[in-house]
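Trainee: predicted model follows, preceded by the sequence.
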Amino acid sequence: MPEREVFVGVNLVFSLDEGRFSYLQMNSSAVRGKIMKLFDQIPASWQPYLKSEFGQPYIQKLEAFLEAERATQQVFPPAENVFRALELTPFENVKVVILGQDPYHDNGQAHGLAFSVQPGIKAPPSLVNMFKELETDLGIPRPKTGFLEPWARQGVLMLNAVLTVRAHAAGSHQKQGWEKLTDAIIKAVSSHKTGVVFVLWGAYAHKKADLIDASRHTVLKAVHPSPLSARNGFFGSKPFSSINTALIAAGESEIDWRLE
């Protein structure tokens with residue numbers, strides 16, 4: 001069998017197999033992920049607050065794990081979107097932190113922001129319930145899009161505890177090191193800023209309260225917006241108006257929660 005050669009282009013990886021070019025599933029995201037260390041992907045505004053983490057052994061293990069996963073599996077979100085939340089919400093702009101657990105694991109959904117999906121993708125059930133509560137809380141009609149980047153650009157850091165997932169395998173990248181890094185992000189915001197509103201939905205997020213200095217920040221807790229729990233206290237919790245009330249009390253501008 002002839003030896004197969006691999007050619008790496010700017011955006012694509014091709015193989016020359018028996019005289020034919022064919023597109024490989026492992027595209028530029030995988031190539032970049034293999035070459036670029038995680039710290040190099042962290043947006044500049046966040047690097048001073050996270051630099052000490054990148055000398056820790058767990059980061060090297062996480063990098064090795066991700067390299068192996070992307071070499072053999074489809075991983076969401078694409079490598080260039082793993083730190084999209086930090087990119088859209090620079091450290092100095094953070095006013096609100098909404099914590100999620102891990103990325104959506106179906107095709108076309110995850111793009112680096114907790115609860116958000118890419119344009120044109122149907123909103124998952126938890127996000128639908130968030131929009132129902134938004135309408136009840138502030139009278140804002142339910143958006144037709146689940147793309148939440150406009151919130152992020154106003155200072156809402158939508159941070160998952162785990163930043164990657166294997167396609168169609170929920171929770172598959174848990175306990176590989178992401179949780180330590182995102183805990184460090186939460187601690188950095190808590191330690192170096194004041195008046196931030198932390199939104200913790202569900203028992204998993206509630207455990208993160210220990211990382212937050214409640215004397216310096218507002219912590220809002222409720223059950224998760226999942227259909228399994230939303231009727232047990234998420235509906236009627238008025239999180240969006242509560243966030244804005246806390247921001248005004250801290251001397252910050254409100255979030256415009258409208259998406260269209």
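Mentor: Looks like it came in fine. Every value quoted in this text rests on a predicted model; they were computed, and no experiment measured them.

Trainee: for residue 240, which three-state class applies?
Mentor: Following DSSP: H, G, I helix; E, B strand; the rest coil, residue 240 is assigned to helix.

Trainee: and the nearest residue to residue 186 once chain neighbours are set aside, how many residues sit next to it?
Mentor: Distances taken as CB to CB, 6 or more residues apart in numbering put residue 211 closest to residue 186, at 4.7 Å, once the chain neighbours are dropped. Quick note: C-beta positions are derived from backbone N, CA and C, even for glycine. Residues lying near residue 211 (other CB atoms under 10 Å) number 17.

Trainee: looking at it, residue 211 is touching residue 188, isn't it?
Mentor: No. Applying CB atoms under 8 Å, one finds residue 211 not in contact with residue 188, separated by 9.9 Å.

Trainee: give the buried residues for the helix or strand encompassing residue 184.
Mentor: If you go by DSSP states H and E, residue 184 is part of helix 178-192. Buried residues in helix 178-192, counting neighbours by 16 or more other CB atoms under 10 Å, are found at 178, 179, 181, 182, 184, 185, 186, 187, 188, 189, 190.

Trainee: got those residues as TSV, with distance to residue 91 columns?
Mentor: Putting the buried residues of helix 178-192 into TSV (distance: CB to CB, whole Å) gives the following:
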residue	distance to residue 91
178	19
179	20
181	15
182	14
184	12
185	9
186	12
187	13
188	7
189	8
190	12
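
Trainee: using CSV, please lay out these together with distance to residue 117 and pLDDT.
Mentor: Putting the buried residues of helix 178-192 into CSV (distance: CB to CB, whole Å; pLDDT from 0 to 100) gives the following:
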residue, distance to residue 117, pLDDT
178, 20, 98
179, 23, 98
181, 23, 98
182, 20, 98
184, 26, 98
185, 22, 98
186, 23, 98
187, 28, 98
188, 27, 98
189, 24, 98
190, 28, 98
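
Trainee: hang on, the earlier thing: partner strands of the very next helix or strand once past the helix holding residue 184, with direction?
Mentor: The helix or strand immediately downstream of helix 178-192 is strand 197-201, counting by DSSP H and E. In the sheet, strand 197-201 lines up against strand 96-100 (parallel), strand 218-222 (parallel) (DSSP bridges).

Trainee: so how far is strand 197-201 off the chain centroid?
Mentor: Offset of strand 197-201 from its chain centre (CA atoms, centre = their mean, to the nearest Å): 14 Å.

Trainee: hmm, who's touching that strand?
Mentor: Residues outside strand 197-201 that contact it (CB atoms under 8 Å, 6 or more residues apart in numbering): 95-99, 186, 190, 206, 208-209, 212, 217-225, 234, 239, 243, 246-247, 250.

Trainee: quick one, which of these are buried?
Mentor: The buried subset of the contacts of strand 197-201 - by 16+ other CB under 10 Å - is 95-99, 186, 190, 206, 208, 212, 217-225, 234, 239, 243, 246-247.

Trainee: quick one: contacts for residue 232?
Mentor: residue 223.

Trainee: the stretch 51-200 of the chain: strands as residue ranges?
Mentor: 75-76, 96-100, 156-160, 165-166, 197-201 (DSSP state E, counting those that start in this stretch).

Trainee: out of these, nearest to residue 53?
Mentor: strand 156-160 (14.8 Å; CB to CB).

Trainee: so what touches the closest one?
Mentor: Residues outside strand 156-160 that contact it (CB under 8 Å, 6+ apart): 85-86, 89, 94-103, 113-116, 148, 151-152, 182, 185-186, 189, 255.
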